[in-house]
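Novice: everything below, folded, please.
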Amino acid sequence: MNPSVFTLIREDYRANGSDWHRPGFRALATYRYGVWRMSFKYRIVRILLGVFYKVCQRRCMHVYGIELPYSASIGRNVTIEHQHGIVVHGASVIGDGCIIRQGVTLGIRDEKCLDQAPRLGKRVSVGAGAKILGDVTIGDDAKIGANAVVLCDVPAGQTAVGIPARVICKKTHSDRDGFDNGESESQHASSSINEALA
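Specialist: As a prediction, the model looks like this:
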């Protein structure tokens, strides 16, 4: 059984600091409403509900700088930590528990392939200013460094940085928030990435 729109919005509220003023929460609530309105059978109902959706969506775009169309697929407990410059293509997929920061773009690489947008797995953390473009898959628990430009798949648990992005280290089971304390190389990479994601 699919969760109700109210359940999803409550989860978004908690995931975004239980603060309804946060632009990220408002953008997600608008997205949930936009998806919910499309569940109605009759077109006239969707059109009427769509008036309020358009008003809220425009506000999110022009005031908060967050473009999050209802046609994207957004998982549960997603966090949008900041605002401005966030663009999510309508064919993108964002998994449960992902974190999106300011300046992030999930977009296409070729205007002739409008349906080839990124797919983020669960608990992916995307650093500020990162661009993930085209038909790429980011695995569960992966991290994307700040300002990285990702043009290829990133395996689960890995970290990618740079332009174009490359995988720099492997995440271990012993460190849920960072990296293994027993490997100096991993420590160094972890420190750099955690700073980049902040």
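Novice: quick one: mean pLDDT over the lengthiest helix in the chain.
Specialist: Once the chain is assigned using DSSP state H, the helix that runs over the most residues is helix 43-59. Average pLDDT, helix 43-59: 94.
Novice: who does that helix touch, helix- and strand-wise?
Specialist: helix 23-37 (3 or more C-beta pairs under 8 Å, 6 or more residues apart in numbering; DSSP states H and E). C-beta here means a position set from N, CA and C on the backbone, and glycine is covered the same way.
Novice: could you give the angle of the helix it packs on to helix 43-59?
Specialist: Interaxial angle, helix 23-37 versus helix 43-59 (axes from the mean of the first three to the mean of the last three C-alpha atoms, to 10 degrees): 170 degrees.
Novice: sketch out the low-pLDDT regions of this structure for me.
Specialist: Scanning the chain for pLDDT under 70 picks out the ranges 169-198.
Novice: list the contacts of the longest helix of the chain.
Specialist: 26, 30, 33-34, 37-38, 40, 69-70 (C-beta atoms under 8 Å, 6 or more residues apart in numbering).
Novice: mind running it again at 6 Å?
Specialist: 30, 33-34, 37, 40 (C-beta atoms under 6 Å, 6 or more residues apart in numbering).
Novice: same check on stretch 116-124?
Specialist: 89, 91-98, 106, 108, 132, 134-142.
Novice: so which of these sit within strands?
Specialist: 93-94, 106, 132, 137-138 (DSSP state E).
Novice: let me know the closest of the residues you listed to L151.
Specialist: Of all these, L151 sits closest to I132, with 8.4 Å by C-beta to C-beta.
Novice: how about that closest one, what does it touch?
Specialist: The contact partners of I132, by C-beta under 6 Å, 6+ apart, come to 106, 118, 150.
Novice: 8 Å instead?
Specialist: Taking C-beta under 8 Å, 6+ apart as the test, what I132 contacts is 104-107, 118, 120, 126, 138, 144, 150.
Novice: got the residues you listed as CSV, with distance to A156 columns?
Specialist: Shown next, in CSV, are those (distance: C-beta to C-beta, whole Å):
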residue, distance to A156
V104, 20
T105, 22
L106, 18
G107, 22
P118, 15
L120, 11
V126, 15
I138, 9
I144, 13
V150, 14
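Novice: list buried residues within these.
Specialist: 104-107, 118, 120, 126, 138, 144, 150 (16 or more other C-beta atoms under 10 Å).
Novice: burial of D110, as a residue count?
Specialist: 10 (other C-beta atoms under 10 Å).
Novice: what about it, which SS state?
Specialist: coil (DSSP: H, G, I helix; E, B strand; the rest coil).
Novice: roughly how far apart are it and R46?
Specialist: Going from D110 to R46 by C-beta to C-beta, to the nearest Å gives 31 Å.
Novice: next one: V167
Specialist: With the distance defined as C-beta to C-beta, V167 ends up 43 Å from R46.
Novice: the residue most central in space within the chain pairs with what?
Specialist: The residue lying closest to the centre of the chain (C-alpha atoms, centre = their mean) is I100, at 4.4 Å. Using DSSP bridges, the bridge partners assigned to I100 are I80, V126.
Novice: nearest to I74 among the buried ones among the contacts of I132?
Specialist: Looking across the buried ones among the contacts of I132 and measuring by C-beta to C-beta, the closest to I74 is L120, at 9.7 Å.
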